[in-house]
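**Q** missing the sequence, but the structure's below:
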């Protein structure tokens, strides 16, 4: 079968099942289970002859031999039993459930998967099929999957700036569906002629992730596996543990991450009356600069602790990390003292599936302990002021970030030149501020803008009505999120 026919077939079944109430996410999970079992079956045969750990009772042939209610019952049992296995197999099937209630349609999906020889497909073909459904799933706002899906254009730009090198480790403490890992993999394969040892390292040793949501972790592992990262009979590259609980046992060369949105860390428990309640969660870690329930500040502190003394990080964080007082001020000061916080990319609204998010990318390099402050100057690129993106009509693409990447100068940061000049180019988006200037600001705020907002000054240059409406919605959502944060702080007595 051609690539196009496989993609067409996969999507046709997706639309058929949606009529039965099976969403993209549910369909994606069932595809994950079935493709994994089919590939395990292929690997068990010549020329591979590998034992991938799937018991014979629950192998691919056992599914194809049954129909109707017997198939449904056996499929449910298969999902349950495989979830008790070790390694990647167990992680793929953790808490797995059958969401295709019609046995006839389940049988049709099994036959569709069976018609393809998955192990002989090129990794980019398998990956494109899977990534396509992941993106569709993220667009389905009812599923809530968008919070795990970072725009691929932003990920590609971040990876290009960091420019990872072969033989080095890359981590993401909240890896979602694995977007940063895939982009880093593609970058390394494209920009370096890898030898056999480097290829083996890239496949099984380079990437380390954490993802506490079982369904998302499953999608991540399968996404990586279909892109030729990880072994079908190997250990899971993604841990189910909460990355923030303890100091990392090992440090890494790079951290690329977009930690989950939402300011407060919390845990759900059942009270004496049997009702579900949430309790704010603080992480009492000796290596943290400040103890706080602010999830974003905790992730920032944790990411710094993950880095080798020569390690580099690029992290997406919301605006509150740049200006919040108390623990926020402490973390910002300590970050600039111990690391070289050299670049901040200010992002526009309308690029994330979560509405109203105002975020930035912080690029920083760890430094060995020494005298003086590690950060000498911070370069800002304002890609927010007078920028209008929407997810459907005007999505942010990699070419939109090309000027920023050029200004960043990957590999030659010491040759940076500002595009902003108070007299010659007041509209320049790229300028630097010294550590002394930033440290002197109230609460060491890094929340800086210098461009004039045209929509406030010139009514003739208003965006298109649809874009303006989207921006208004984003601003209202952001305002509501801020009010909820204030209300939560008041109720908790902060």
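**A** Happy to help now that I have it. This structure is a prediction, so every number in the text was calculated from the model and none was measured. Numbers count the residues shown, from 1 in each chain.
**Q** okay, now the domains of this structure?
**A** 3-132, 135-490 (automatic domain parsing).
**Q** Identify the spatial nearest neighbour of residue 68, chain neighbours not counted.
**A** residue 103 (5.0 Å; Cβ to Cβ, 6 or more residues apart in numbering). In this view, the C-beta of every residue, glycine as well, is placed from N, C-alpha and C.
**Q** do the same with residue 410
**A** residue 163 (4.5 Å).
**Q** Backbone dihedrals for residue 196, please?
**A** phi -60, psi -40 (degrees, to the nearest 10).
**Q** no, scratch that, I was asking about residue 377
**A** Torsion angles, degrees, to the nearest 10, at residue 377: phi -160, psi 150.
**Q** So in the protein, where's the weakest helix or strand by average pLDDT?
**A** Using mean pLDDT, DSSP states H and E, strand 266-270 stands out as the lowest-scoring helix or strand of the chain, at a mean of 46.
**Q** surely the residue nearest to residue 68 meets residue 73?
**A** No: applying Cβ atoms under 8 Å as the test, residue 103 and residue 73 come out as separate, 9.1 Å apart.
**Q** Enumerate every residue touching residue 432.
**A** The contact partners of residue 432, taken as Cβ atoms under 8 Å, 6 or more residues apart in numbering, are 377-380, 416, 418.
**Q** Burial check on residue 99, number of neighbours?
**A** 17 (other Cβ atoms under 10 Å).
**Q** oh sorry, the question was meant for residue 355
**A** When neighbours are counted by other Cβ under 10 Å, residue 355 comes out with 18.
**Q** do you know how far it is from residue 433?
**A** 30 Å (Cβ to Cβ, to the nearest Å).
**Q** Residue 44 now?
**A** Applying Cβ to Cβ to residue 44 and residue 433 gives a distance of 60 Å.
**Q** Same check on residue 8?
**A** Distance from residue 8 to residue 433, by Cβ to Cβ: 52 Å.
**Q** Show me which of these two is the more surrounded one.
**A** Legend: neighbour count by other Cβ under 10 Å for residue 8 and residue 433, higher for residue 433 (16 against 12).
**Q** Pull the contacting residues for that one.
**A** By Cβ under 8 Å, 6+ apart, the residues touching residue 433 are 377-378, 380, 448.
**Q** so where do the strands sit in the stretch 201-350 of the chain?
**A** 207-210, 238-239, 252-257, 266-270, 276-280, 307-318, 339-346 (DSSP state E, counting those that start in this stretch).
**Q** Point out the most buried one among the ones you listed.
**A** Ranked by mean neighbour count under mean count of other Cβ atoms under 10 Å, the strands of the stretch 201-350 of the chain are led by strand 252-257, which reaches a mean of 24.
**Q** What is it packed up against?
**A** Strand 252-257 sits against helix 152-162, strand 170-172, helix 179-191, helix 295-306, strand 307-318, with contacts defined as 3 or more Cβ pairs under 8 Å, 6 or more residues apart in numbering; DSSP states H and E.
**Q** relative to strand 307-318, how tilted is the third one?
**A** In terms of direction (axes from the mean of the first three to the mean of the last three Cα atoms, to 10 degrees), helix 179-191 departs from strand 307-318 by 120 degrees.
**Q** tell me the angle of helix 179-191 relative to helix 152-162?
**A** Going by the same axes, to 10 degrees, helix 179-191 makes 60 degrees with helix 152-162.
**Q** any idea of the mean pLDDT for helix 179-191?
**A** Per-residue pLDDT over helix 179-191 has a mean of 96.
**Q** One more: stretch 374-384?
**A** Per-residue scores along stretch 374-384 average to 97.
**Q** Which positions in that stretch come out as buried?
**A** Neighbour counts over stretch 374-384 (16 or more other Cβ atoms under 10 Å) mark 374-375, 377-384 as buried.
**Q** can you list contacts of that stretch?
**A** 335-349, 358, 364, 367, 400-401, 404, 407-408, 416, 418, 429-435, 438, 446, 448-451.
**Q** which of those count as buried?
**A** 335-349, 358, 364, 367, 400-401, 404, 407-408, 429-433, 435, 438, 446, 448, 451.
**Q** Now intersect the residues you listed with the helices, please.
**A** Residues of the buried ones among the contacts of stretch 374-384 located in helices (DSSP state H): 335-338, 404, 407-408, 435, 438.
**Q** Let me have those in CSV, adding distance to residue 480 and pLDDT as columns.
**A** CSV is the format used below for these (distance: Cβ to Cβ, whole Å; pLDDT from 0 to 100):
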residue, distance to residue 480, pLDDT
335, 29, 98
336, 31, 98
337, 35, 97
338, 35, 97
404, 29, 98
407, 34, 98
408, 33, 98
435, 35, 97
438, 30, 97
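**Q** picking up where we left off before, looking at the contacts of residue 432, which is nearest residue 288?
**A** residue 378 (22.4 Å; Cβ to Cβ).
**Q** How far away from the center of its chain is the helix or strand containing that closest one?
**A** Element membership of residue 378 [criterion: DSSP states H and E] is strand 377-382. Distance of strand 377-382 from its chain centroid, counting by Cα atoms, centre = their mean, to the nearest Å, is 24 Å.
**Q** Just want the angle from that strand to strand 339-346.
**A** 10 degrees.
**Q** State the distance from residue 385 to residue 433.
**A** Counting by Cβ to Cβ, the gap from residue 385 to residue 433 is 16 Å.
**Q** per-residue confidence for residue 478?
**A** For residue 478, pLDDT reads 63.
**Q** Adding distance to residue 204 as columns, could you present the helices and strands packed on strand 252-257 in TSV?
**A** Listed next are the helices and strands packed on strand 252-257 as TSV, based on distance: least, Cβ to Cβ, whole Å:
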stretch	distance to residue 204
helix 152-162	20
strand 170-172	13
helix 179-191	12
helix 295-306	20
strand 307-318	20
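**Q** all helices in the stretch 1-150 of the chain, in order from the N-terminus.
**A** Taking DSSP state H, counting those that start in this stretch, the helices of the stretch 1-150 of the chain run over residues 3-18, 24-43, 60-64, 68-82, 87-92, 103-114, 123-139.
**Q** Just give me the neighbour total for the nearest residue to residue 78 once chain neighbours are set aside.
**A** Nearest residue to residue 78, sequence neighbours excluded (Cβ to Cβ, 6+ apart): residue 58, at 4.3 Å. When neighbours are defined as other Cβ under 10 Å, residue 58 has 19 of them.
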